[in-house]
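Novice: no sequence for this one, just the structure:
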């Protein structure tokens, strides 16, 4: 597998990977791009192929730029550190959580219909005290303990809900004068429930 790009149109440096306006980075096949102690700034075009962008190192970094980026595999391995979103991103295959945190920072990370989370744990997880959502869509027809995209909620009902959008937020909401944990879900089916459902 190879990584193809026009050297005149992008910059790879100690500060990370920057794709300038008019530039492009094209990943051929399942190549890996390792961004160590740096961020990812996309003002051009990023074609992810079936590759992996792996963020490593001991310092925090940002995902930024004027264009939204669609990653195929997005993996964070930054023990005790954070990748902060400065704009919306998509992950179409795997959001790999090895070490460190992905801070939504008021933006959305969209897993779409095909993306899923792998390896999320207390030391490697999505956070978002400033808002933003982890978003997943799935067709749920009479789901039995369905956990679309491994997003962290199991849904069981005899109803056909159709195409359903699940948003996971990471703020403590107030209910009856008390605050909950830093996680909540919004579940929006195409067809409303006509009977009971079980969430876990």
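Specialist: The structure has been received and is ready for your questions. Since the model is a prediction, treat every value here as computed from it, not as a measurement. Numbers count the residues shown, from 1 in each chain.

Novice: Grab the longest strand from this structure for me.
Specialist: In the chain, with assignment by DSSP state E, the single longest strand is strand 69-85.

Novice: center of this protein, which residue is that?
Specialist: In the chain, the residue lying closest to the centroid (CA atoms, centre = their mean) is residue 109, at 3.9 Å.

Novice: Quick check: that residue vs residue 52, distance?
Specialist: 16 Å (CB to CB, to the nearest Å). In short, each C-beta sits where N, CA and C put it, glycine included.

Novice: again with residue 166
Specialist: 25 Å.

Novice: What residues sit buried inside the helix or strand hosting residue 93?
Specialist: For residue 93, the host element (DSSP states H and E) is strand 89-103. The neighbour-count criterion (16 or more other CB atoms under 10 Å) identifies 89-103 as the buried residues of strand 89-103.

Novice: which of residue 166 and residue 52 has more neighbours?
Specialist: residue 166 (25 against 20; other CB atoms under 10 Å).

Novice: Show me where the protein has its helices.
Specialist: Read by DSSP state H, the chain holds no helices at all.

Novice: Please give me every residue in contact with residue 70.
Specialist: By CB atoms under 8 Å, 6 or more residues apart in numbering, the contact set of residue 70 is 46, 48, 89-92.

Novice: which residues pair with it across the strands?
Specialist: residue 90 (DSSP bridges).

Novice: Same check on residue 27?
Specialist: Counting by DSSP bridges, residue 27 forms beta bridges with residue 3.

Novice: shaky segments in the protein?
Specialist: 1-15 (pLDDT under 70).
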